[in-house]
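A.B. asks: Please work out how this folds:
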Amino acid sequence: MYPPSRKDFISLTLSDPHSHTYNNGKHRRQSCWRKWKQLSRLQRSLILFLLALLLIFGLLSYPSITEQWRGLSDREDWLALNDRELKATPPGVKPVLDPGTGKVPAPVPGPAVGPDAGAGPVLEPRGPNIPILAKPPNKKKTFLNKRGPPNLQKVVGNVSDIGGREKQEHEVVQDEGEDEDQEKKIVSWRGAMIEADQATEPPPSANEKEAAVPPAPANAADTVPLEVSTGTVDRLEAVRDAFRHAWKGYKDFAWGHDELKPISKSFGEWFGLGLTLIDSLDTMWIMGLKEEFTEARNWVEKELSFNKNVDVNLFETTIRVLGGLLSAYHLTGDQLFLEKAKDLGSRLMPAFKTPSKIPFSDVNIGKGTAHPPRWTSDSTLAEVTSIQLEFRELSRLTQEPQYQEVVNEVMKLVHSLPGKQDGLVPMFINTNSGQFTHKGVFTLGARADSYYEYLLKQWIQGGKTEDNLLEDYLQAVEGVKKHLVRQTGPRRLTFVGELSHNRFNPKMDHLVCFLPGTLALGVHNGLPGDHMELATQLMETCYHMYTQMETGLSPEIVHFNLQASDGRDVVVKPADRHNLLRPETVESLFYMYRFTKDTKYRDWGWEILQSFNKYTKVSGGGYTSINNVCDPVNPGPRDKMESFFLGETLKYLYLLFSDDMELLSLEKYVFNTEAHPLPIWPPPPK
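C.D. replies: Residues are numbered from 1 along each chain as shown. Below you'll find the model as predicted:
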């Protein structure tokens, strides 16, 4: 055992009757001096020398330290004053404000064309492009709270670098502190676990929207043009954030596959053609997401092959893949997309080898064979009459007339067929006889909807010269007004029902909400003005299909209340309560705003986007379709993100919120039924 250490003094504490204390600290100080005196002269010299060196080093470094902290303080003060002025900031860089307006310059967007164009709209800056350092990363930002649209909560840059985004989001959460993590609740959606702050967030307050600083691409030249008003900037960035979040899920869990399953973090395969990726190409280009676009283009170049033994649906493959490739070619001028489109188009041609020239619904793109569905020899009318825009454009680009000839032949046959009712057409057509089947049933919903859309759009695409198409469209609109249009009892909402053997059914698919936009497009191109009146009325009804649901999201199918009462206009059957992230309502909102400039259409679109963020956004990345729009507590995810959510829904929302009418001008482009813009042909020489 070690003996107790020797002490050189004894500490003694005394107290007097008045509770004053005394101790012998003086003797302890004397003891320290005694220890110093006990050191050798060499030891004392070394200690004094080291202290002198530390003092000299401190004096020399003092000016640079004070200058650095003074610069940090000044920069933080400047940023604090200008936080609300900066609405689109790349990570680590702050743009200089316009000296004339005091705000971030707003470049003018527009799709670049030509092979030398970049991978996004190229913008001309209005002022000097001088980077300014961002705030120190450990400075807590006041707008990082768990309210408002999820995508406006985190300050991150272009998230094509997914790993970097995950790291940044993790750091932001750490800044919030551990208490918030403990307060985070989990919502159980029939077996799926979704974070509450991602799935059920309330809309932001006005102050929060003003404080939020949206992200932007890393380079100033890549910045998507943002509009002048604060609300517009916030909304555009919210749509871009929604796309980034959807794309993150697809990239992480379904890269190169057809569809993302965001709940199970896996993928679904339909044709094995990368449907979501190709559907998203032009959306990424329009939004200026260059890095994401470049990644996708590389996949198309290296991985996309149509030489595979697989049956594909002629209609879905044409509007999504062929349309997506043609659109990407027109916006970028990149020959890769045209070559892929030509390869696919030639492989789809066997579908037209039928006795009637009405194409089969399915074609094997590897074997070159085609067939009808297994259960019938019929094709749906919408499918065989909604491939014309794409095949006609492919002929124009390749100077190979066979693509346009086969689809024009279909339209000629349908134009002359018996079985219509005032321009309305049945839903099925037989590929052997070329005649309508299931006659007497008329709808503008599934199996017939885009027939009416493509009548007008082919006429516009071809320079308004094909009179048969215009005649069929005008007659069909009159048939809709005569047979299918009714009003509800409670609010007198105008809707389009269905007709079955002269019996009216007040049923309307969400798909029918394409009609207000199509009617408005026709009026814009010189068709009767009363079409616009009907479009306005139907647009309000489609909006009510959202607002009268507890989640603020429309069901797939509704039935309307024809009885005069104080109840709801919209009745939803249990089997129809699902929402598939469909685009038709926001598509029509886009057209209505473009032609009327009425800001209520933007407000309606903003409400819909917030509802998508609140009830369909999945925390790990992606959005999911849901089972029950009537149950905000348990909407029930379906674990599927359709490709058209990125290709159509988010694209139309972005265009709706953009102030630039030249961004995909409707004087220059016509959209296919999957929202892929194709050019309007120049008028033929006289």
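
A.B. asks: list the contacts for residue 555?
C.D. replies: 510, 545, 549, 572, 576-579, 629-630 (Cβ atoms under 8 Å, 6 or more residues apart in numbering). Any C-beta I mention is one placed from the backbone N, CA and C, and that applies to glycine too.

A.B. asks: again, only this time at 7 Å
C.D. replies: 549, 572, 576-579, 629 (Cβ atoms under 7 Å, 6 or more residues apart in numbering).

A.B. asks: same check, this time on residue 299
C.D. replies: So residue 299 contacts 256, 274, 277 (Cβ under 7 Å, 6+ apart).

A.B. asks: buried set for stretch 674-686?
C.D. replies: 674-681 (16 or more other Cβ atoms under 10 Å).

A.B. asks: That one - what's its average pLDDT?
C.D. replies: Here stretch 674-686 scores 91 as its mean pLDDT.

A.B. asks: same check, this time on stretch 451-467
C.D. replies: Summarised as a single mean, pLDDT over stretch 451-467 is 97.

A.B. asks: try stretch 46-63
C.D. replies: Per-residue scores along stretch 46-63 average to 79.

A.B. asks: do the same with stretch 306-322
C.D. replies: Mean pLDDT, computed over stretch 306-322, is 98.

A.B. asks: quick one, phi psi at the closest residue to residue 566 other than its chain neighbours?
C.D. replies: Nearest residue to residue 566, sequence neighbours excluded (Cβ to Cβ, 6 or more residues apart in numbering): residue 490, at 6.5 Å. Per-residue torsions, residue 490: phi -60, psi -60 (degrees, to the nearest 10).

A.B. asks: Correct me if wrong: residue 490 contacts residue 570.
C.D. replies: No - assessed by Cβ atoms under 7 Å, residue 490 is found out of contact with residue 570, at 9.5 Å.

A.B. asks: Looking at the two, which one has more neighbours?
C.D. replies: A direct count of neighbours by other Cβ atoms under 10 Å for residue 490 and residue 570 places residue 570 higher, at 24 against 17.

A.B. asks: I'd like to know how far that one sits from residue 640.
C.D. replies: Here the distance between residue 570 and residue 640 works out to 24 Å (Cβ to Cβ, to the nearest Å).

A.B. asks: Can you turn the buried part of the contacts of residue 299 into a ChimeraX selection?
C.D. replies: To isolate the buried members of these in ChimeraX, using 16+ other Cβ under 10 Å:
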select :256,274,277
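
A.B. asks: could you point out where the stretch 201-350 of the chain is predicted with low confidence?
C.D. replies: Residues of the stretch 201-350 of the chain meeting the criterion pLDDT under 70: 201-233.

A.B. asks: For it, just list every one of the strands.
C.D. replies: 259-261, 266-268, 311-313 (DSSP state E, counting those that start in this stretch).

A.B. asks: could those strands go into TSV alongside distance to residue 439 and mean neighbour count?
C.D. replies: Formatted as TSV, the strands of the stretch 201-350 of the chain follow (distance: least, Cβ to Cβ, whole Å; neighbours: other Cβ atoms under 10 Å):
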stretch	distance to residue 439	mean neighbour count
strand 259-261	35	26
strand 266-268	36	16
strand 311-313	24	19
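
A.B. asks: now those strands in TSV, with distance to residue 370?
C.D. replies: Output for the strands of the stretch 201-350 of the chain, formatted as TSV (distance: least, Cβ to Cβ, whole Å):
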stretch	distance to residue 370
strand 259-261	24
strand 266-268	24
strand 311-313	9
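
A.B. asks: Please name whichever of these is nearest to residue 361.
C.D. replies: Closest approach to residue 361 among these (Cβ to Cβ): strand 311-313, 6.2 Å.

A.B. asks: ok, so of the contacts of residue 299, who is nearest residue 564?
C.D. replies: Distance to residue 564 across the contacts of residue 299 (Cβ to Cβ) is lowest for residue 277, with 50.4 Å.

A.B. asks: Which residues lie in contact with that closest one in this structure?
C.D. replies: The contact partners of residue 277, by Cβ under 7 Å, 6+ apart, come to 256, 296, 299.

A.B. asks: What is the nearest of those to residue 266?
C.D. replies: Nearest to residue 266 among the contacts of residue 277, with distances taken as Cβ to Cβ, is residue 256, at 13.2 Å.

A.B. asks: quick one: what helix or strand has residue 607 in it?
C.D. replies: helix 600-615 (DSSP states H and E).

A.B. asks: Mind exporting the C-alpha coordinates of that helix to PDB?
C.D. replies: C-alpha atoms of helix 600-615 as PDB (Å, rounded to 0.1, in the frame of the first residue of the first chain):
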ATOM      1  CA  LYS A 600     -58.300  32.200 -58.400                       C
ATOM      2  CA  TYR A 601     -57.200  29.400 -60.600                       C
ATOM      3  CA  ARG A 602     -53.700  29.700 -59.200                       C
ATOM      4  CA  ASP A 603     -55.100  29.700 -55.600                       C
ATOM      5  CA  TRP A 604     -57.100  26.600 -56.300                       C
ATOM      6  CA  GLY A 605     -54.000  24.800 -57.700                       C
ATOM      7  CA  TRP A 606     -52.000  25.900 -54.600                       C
ATOM      8  CA  GLU A 607     -54.600  24.300 -52.300                       C
ATOM      9  CA  ILE A 608     -54.400  21.100 -54.300                       C
ATOM     10  CA  LEU A 609     -50.600  21.000 -54.000                       C
ATOM     11  CA  GLN A 610     -50.800  21.500 -50.300                       C
ATOM     12  CA  SER A 611     -53.300  18.600 -50.000                       C
ATOM     13  CA  PHE A 612     -50.900  16.400 -52.000                       C
ATOM     14  CA  ASN A 613     -48.100  17.400 -49.600                       C
ATOM     15  CA  LYS A 614     -50.200  16.800 -46.500                       C
ATOM     16  CA  TYR A 615     -51.800  13.400 -47.300                       C
END
